[in-house]
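In: any chance you can model this:
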Amino acid sequence: MAQCGQAPDPAALAANATPTQELTFDERFPAAEFSDRFPSARESFELRTPANFASKPPASQVAALEPQAPARQQRENLTTLVSMTSSAFPYFGNNPASDAPFLNVSSGERRGHRSFSGRVYWQDQTYNDSRVLVHVPEQFDARKPGVIVVFFHGNGATLERDVRDRQLVPQQITGSGVNAVLLAPQMAVDAADSSAGKFWQPGGFKRFMDEAAVNLAHLTGDPASAKAFAGMPIVIVGYSGGFLPTAWSLEVGGISDRVRGVVLLDAVYGQLDKFANWIERNRSGFFVSSYTRYTAHHDQELMAMLRSRGIEVSDDIQQPLRPGSVVFVATEDGISHRDYVTQAWTRHPIKDVLTKMAAAQPPVRIAAGVSGSSSR
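Out: Okay, the predicted model is just below:
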């Protein structure tokens, strides 16, 4: 299946969303060639666990938040998979839209989830992957001000084939030159489903970030840096169906004051109240939503909601992203939803957001170990 940005039917998971008038799934997302669907052995990489984390690498030489000129580094970029118990799946709780068990189908000992469309996805195939794609650029230094980017992928995705190799998310993080690391949890595996799993649960996002802090400290070779990672500000990027775990993480995740930025890439399919509430409560953070015609009416509804609350909205993405910035960007016809993570208002939009965040004047002060304070 090709990478899919189609959100599940709003009646199933997003009660305040309305269906969109758009092309069919097959028309929007042509079937991938066989060679595109399955990574080769060369493309895959080994799963990392705390038991086999590498020893401490040499210290990085370049570590400021602001983008830096390329420099000779003593260690290479680290891109790996880490299994985390607090990641989205497996999940055995309820679906908050219905308050019914998420796994609502069984066949013998096998359990699965029946989506609103009637399709059944089995837990052992679709909702059993606890891996997180972790990327640490060679220039990253946990001793300096930094930021953790959390990327929630869209439907029909795998971490290697799509997030790493096709959407180039780790490459965009490194290319920004910003002192940032990446966490990208595997959501539903290669399925047309946006379920949030453990991120539906109160405090679920906090538990994920707490566990990630320990893993990041070990991966960078300095277990003592876990405290710095545990206080580092967060930027959440949600693409397409990634709107759902983004919205619930902001609403019930338990650490919304650590989130210094939210970026939605053609992803406003619903949950408008959750996004509006976070924007209203967290004026030290920035919010960017870039959209195609498929989500335009929801973005326009969210803009109207924010203006009714006295929040200024802009369409200028060319300016530095200062604390409190709320920016909505309509992209031109012809921009592909499937390729939106690499081509939206500009090429490599995640990289662009990070550089604009770092260039904000007055600067966005991202201090490790400090959360909840204003950046103004």
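In: now the helices: where do they sit in the chain?
Out: 10-13, 25-28, 34-37, 123-126, 169-176, 204-219, 226-231, 243-252, 272-281, 296-308, 349-358 (DSSP state H).
In: most neighbours per residue, which of these?
Out: helix 243-252 (a mean of 26; mean count of other Cβ atoms under 10 Å). Every residue, glycine included, has its C-beta placed from N, CA and C.
In: report the angle between it and helix 296-308.
Out: 20 degrees (axes from the mean of the first three to the mean of the last three Cα atoms, to 10 degrees).
In: helix 243-252 to helix 204-219, inter-axis angle?
Out: Using the same axes, to 10 degrees, helix 243-252 lies at 100 degrees relative to helix 204-219.
In: before we move on, back to that, which one of the helices of the chain lies nearest to Val237?
Out: Nearest to Val237 among the helices of the chain is helix 349-358; the distance by Cβ to Cβ comes to 5.8 Å.
In: before we move on, the earlier item: out of the helices of the chain, which is closest to Ala100?
Out: By Cβ to Cβ (comparing all of those), the closest turns out to be helix 10-13, at 10.9 Å.
In: lowest average pLDDT across the helices of the chain?
Out: Mean pLDDT is lowest for helix 34-37 among these, at a mean of 32.
In: out of the helices of the chain, nearest to Asp333?
Out: helix 296-308 (11.0 Å).
In: output the contacting helices and strands for the closest one.
Out: Judged by 3 or more Cβ pairs under 8 Å, 6 or more residues apart in numbering; DSSP states H and E, the packing partners of helix 296-308 are helix 272-281, strand 286-291, strand 326-330.
In: before we move on, the earlier item: next, format the helices of the chain as JSON lines and append distance to Ser86.
Out: Formatted as JSON lines, the helices of the chain follow (distance: least, Cβ to Cβ, whole Å):
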{"stretch": "helix 10-13", "distance to Ser86": "21"}
{"stretch": "helix 25-28", "distance to Ser86": "31"}
{"stretch": "helix 34-37", "distance to Ser86": "29"}
{"stretch": "helix 123-126", "distance to Ser86": "18"}
{"stretch": "helix 169-176", "distance to Ser86": "20"}
{"stretch": "helix 204-219", "distance to Ser86": "4"}
{"stretch": "helix 226-231", "distance to Ser86": "13"}
{"stretch": "helix 243-252", "distance to Ser86": "12"}
{"stretch": "helix 272-281", "distance to Ser86": "20"}
{"stretch": "helix 296-308", "distance to Ser86": "29"}
{"stretch": "helix 349-358", "distance to Ser86": "23"}
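In: out of those, nearest to Asp316?
Out: Short answer: helix 349-358, nearest of the helices of the chain by Cβ to Cβ, at 10.8 Å.
In: who's sitting farthest from the centroid in this protein?
Out: What lies farthest from the middle of the chain is Gly108; by Cα atoms, centre = their mean that is 35.1 Å.
In: OK, contacts around the spatially closest residue to Leu216 that is not a sequence neighbour?
Out: Once flanking residues are discounted, Leu216 sits nearest to Phe229: 4.7 Å by Cβ to Cβ, 6 or more residues apart in numbering. Counting by Cβ atoms under 8 Å, 6 or more residues apart in numbering, Phe229 touches Ala142, Ile148, Ala212, Ala213, Val214, Leu216, Ala217, Ala368.
In: roughly how far does the fourth one sit from Met303?
Out: Applying Cβ to Cβ, to the nearest Å, one obtains 35 Å for the distance of Ala213 from Met303.
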